[in-house]
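J.: sequence first, then the predicted structure:
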Amino acid sequence: MKTLISVFPKSTEKAYAQSKKNIYVFDAPADANKQQISEAIEAQYNVTVAGIKTLVQTGKAIRVSRGKRAQPITVFRKDTKKAYVTLIEGDSIKVFDEVAATETKAAVKSDKKEKK
């Protein structure tokens, strides 16, 4: 029985640079394995996965004050899993819409010229 999981693309500067090399970065559930992640990406984005690398990023330790006279305690954020997915040549995922961004900039410039 196949259960599909939800994976979400990361939109950071590093992920943007990787996408130019046809490598995309996704947030995945911590208990998902590589096969589940690749099946979910293929089903959600209609692409073919060539390779996948995963890593678990441990949660940061944060000190929390419990009041004026109490000692501060240390709590931890939850661990997250990242998946670096390489697609086959010719496939791509439109995480960063460059075309839409350049069209809006051109429209803003033309509006400014019309107002003058």
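T.: Cool, the structure landed. Numbering: from 1, shown residues only.
J.: list the residues that contact V56.
T.: 30, 79-81 (Cβ atoms under 8 Å, 6 or more residues apart in numbering). C-beta: built from backbone N, CA, C; applies to glycine.
J.: partner strands of the helix or strand containing it, parallel or antiparallel?
T.: Using DSSP states H and E, V56 sits in strand 49-57. Next to strand 49-57 in the sheet, as set by DSSP bridges, lie strand 80-87 (antiparallel).
J.: give the buried residues for the partner strand.
T.: Neighbour-count burial for strand 80-87 flags 81, 83, 85, 87 (criterion: 16 or more other Cβ atoms under 10 Å).
J.: where does pLDDT dip in the chain?
T.: By pLDDT under 70, the low-scoring segments of the chain are 1-3, 98-113, 115-116.
J.: please enumerate the helices of it.
T.: Secondary structure of the chain (DSSP state H): helices located at 13-19, 34-45, 98-115.
J.: K34 touches G51, doesn't it?
T.: No. K34 is beyond contact range of G51, at 9.5 Å (criterion: Cβ atoms under 8 Å).
J.: higher neighbour count, the two?
T.: Neighbour count, other Cβ atoms under 10 Å: between K34 and G51, K34 has more, with 15 against 12.
J.: can you get me a residue count around Q71?
T.: Neighbours of Q71 (other Cβ under 10 Å): 7.
J.: oh, I was asking about Q18
T.: Residues within reach of Q18, counting by other Cβ under 10 Å, total 17.
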